[in-house]
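Enquirer: starting from these lines, generate the structure:
(one chain, ligands or ions: 1)
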Amino acid sequence: MKPLIEIKNLSIEFEVKGGKLKACDNVSITINRGEILGVIGESGSGKSTLASGILDLVQAPGKISNGEVIYYTEDDKKVSLLDLPKEELMQYRWSEIATVFQAAQNALNPVLKIREHFLETVYAHSDKVKEDEIIKKAEEVLKYVRLDKSVLEYYPHQLSGGMKQRVLIALSLILDPKIIILDEPTTALDVITQWYIMELLKEIHQKLGITLVFLTHDISIISEVVDRIAVMYAGEIVECGDVANVFNEPSHPYTKGLLNAIPTLHDDITERKAIPGNPPNLLENFKNCKFSARCYRFLGKECSGDKEKTEKLYEISNKQCTRCYAYAEEVECTK
Ligand SMILES: Nc1ncnc2c1ncn2[C@@H]1O[C@H](COP(=O)(O)OP(=O)(O)OP(=O)(O)O)[C@@H](O)[C@H]1O
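Expert: I've put the predicted structure just below:
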């Protein structure tokens, strides 16, 4: 698979009372063209910060302190997104990389009809497109999310939560992007609507071949959709790989804990166990593996002190990488 976006050693800090909070700590991951990638992790693990970092949208007091985001164009040209002037980078937003962010339900302007949202999005990129062309395209993308064109004449408050989310997905498609990054796309919705939206996104992926990245705490909702999964803990990716490998043979104790904590319809809920302890304070200057305080596999001095070793990802197969020091014999992962 060809790479579409390569995130290299991305670190993002928030300047807060008490110091610098590392929300993303040296994150490296490649998003491949045409795949569906899921990034999972509990609240506060850094998923939204990572999503904002890709398009340099981190708001103060946050700041990208290190790293690169490389975008591969269709003719394999490498573009270093974080080095682009702001206006140029904004041209990539929507037309190459579209985002549907967590607070999406409130992302629509209450005083504008849906048709105006489509017009404004396109006009922000080009004032040469005719209005009727935009509306024709809007009707086409609304069909992908099974909404009738009459929705264009509605104001946001006239739509249900699920319809608003579908409008936002349609809006993200208006400029034919190569990738959509969806941060908690279904969080505020009821379970049935959640599944419906995931089905629609899967269909859109199949029809258009568009790359999708889901960032969510809800493993159950993405498990049947994603090809590959990355697990985030305390600002770091602790494991990534093909979804079947990671789910069937999780290598990192955090991934195991996370999977153990999910109830299913079929099993005994008392069998489910929460991970003991709490996530660490991200203001700390870590010398140990960040999970070591909660880890059943903690290897004593091997997991402590040697930051260089505990901050690497090790390749345990060509389909799975882990940050756990127990695999330090394996080769370093460069994917
Ligand atoms: N504007 C901000 N100011 C200070 N700290 C922030 C800010 N935004 C995020 N953080 C901190 O950065 C860390 C990562 O937050 P982030 O929102 O990226 O996590 P998340 O995994 O997306 O969780 P959630 O799904 O709850 O948003 C958290 O410790 C959070 O408190």
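
Enquirer: how about the nearest residue to residue 35 once chain neighbours are set aside, what does it touch?
Expert: Excluding its sequence neighbours, the residue lying closest to residue 35 (Cβ to Cβ, 6 or more residues apart in numbering) is residue 227, at 4.8 Å. Heads up, the C-betas are built off the backbone N, CA and C, glycines and all. Counting by Cβ atoms under 8 Å, 6 or more residues apart in numbering, residue 227 makes contact with 35, 36, 37, 242, 243.

Enquirer: host element of the closest residue in space to residue 162 that isn't next to it in sequence?
Expert: Among residues not flanking residue 162 along the chain, residue 193 sits closest, at 3.9 Å (Cβ to Cβ, 6+ apart). Element membership for residue 193 (DSSP states H and E) is helix 191-208.

Enquirer: what is the rounded mean pLDDT of that helix?
Expert: Mean per-residue pLDDT for helix 191-208: 92.

Enquirer: may I have that helix as CSV, with CA atoms only?
Expert: Below are the C-alpha coordinates for helix 191-208, written out as CSV (Å, rounded to 0.1, in the frame of the first residue of the first chain):
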residue,chain,number,x,y,z
VAL,A,191,-26.6,3.5,19.3
ILE,A,192,-28.8,2.8,16.2
THR,A,193,-27.8,6.1,14.6
GLN,A,194,-24.2,5.3,15.4
TRP,A,195,-24.3,2.0,13.5
TYR,A,196,-26.2,3.6,10.6
ILE,A,197,-23.5,6.4,10.2
MET,A,198,-20.7,3.8,10.3
GLU,A,199,-22.5,1.8,7.6
LEU,A,200,-22.8,4.9,5.4
LEU,A,201,-19.1,5.7,5.9
LYS,A,202,-18.2,2.2,4.9
GLU,A,203,-20.3,2.5,1.8
ILE,A,204,-18.7,5.8,0.9
HIS,A,205,-15.3,4.3,1.4
GLN,A,206,-16.3,1.4,-0.9
LYS,A,207,-17.8,3.6,-3.6
LEU,A,208,-15.1,6.4,-3.6
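
Enquirer: report the buried residues of it.
Expert: 193, 194, 196, 197, 198, 200, 201, 204, 205, 208 (16 or more other Cβ atoms under 10 Å).

Enquirer: residue of the stretch 201-335 of the chain closest to the ligand, please.
Expert: residue 282 (5.1 Å; Cβ to the nearest ligand atom).

Enquirer: what about the helix holding residue 193, distance to the chain center?
Expert: In terms of Cα atoms, centre = their mean, to the nearest Å, the centre of helix 191-208 is set 16 Å apart from its chain centre.

Enquirer: just checking, what packs against that helix?
Expert: helix 131-144, helix 161-173, helix 219-222 (3 or more Cβ pairs under 8 Å, 6 or more residues apart in numbering; DSSP states H and E).

Enquirer: dump these to TSV, plus mean pLDDT and distance to residue 61.
Expert: Formatted as TSV, the helices and strands packed on helix 191-208 follow (pLDDT from 0 to 100; distance: least, Cβ to Cβ, whole Å):
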stretch	mean pLDDT	distance to residue 61
helix 131-144	95	36
helix 161-173	92	27
helix 219-222	87	30
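
Enquirer: most packed of those helices?
Expert: helix 161-173 (a mean of 22; mean count of other Cβ atoms under 10 Å).

Enquirer: so it versus helix 131-144, what angle?
Expert: Going by axes from the mean of the first three to the mean of the last three Cα atoms, to 10 degrees, helix 161-173 is angled at 130 degrees with respect to helix 131-144.

Enquirer: any residue of the helix or strand just after helix 161-173 up close to the ligand?
Expert: Scanning forward in sequence from helix 161-173 by DSSP H and E, the next helix or strand is strand 179-183. No - contact of strand 179-183 with the ligand (Cβ under 6 Å from any ligand atom) is absent, the minimum separation being 7.0 Å.

Enquirer: any idea of the mean pLDDT for the one helix or strand residue 117 maps to?
Expert: Secondary structure from DSSP H and E places residue 117 in helix 114-123. Averaging pLDDT along helix 114-123 gives 94.

Enquirer: can you list contacts of it?
Expert: Looking at what lies outside helix 114-123 - Cβ under 8 Å, 6+ apart - the contacts are 94, 108-109, 112, 129, 131, 134-135, 137-138, 151-156, 159, 167, 171, 174-175.

Enquirer: done for today, thanks.
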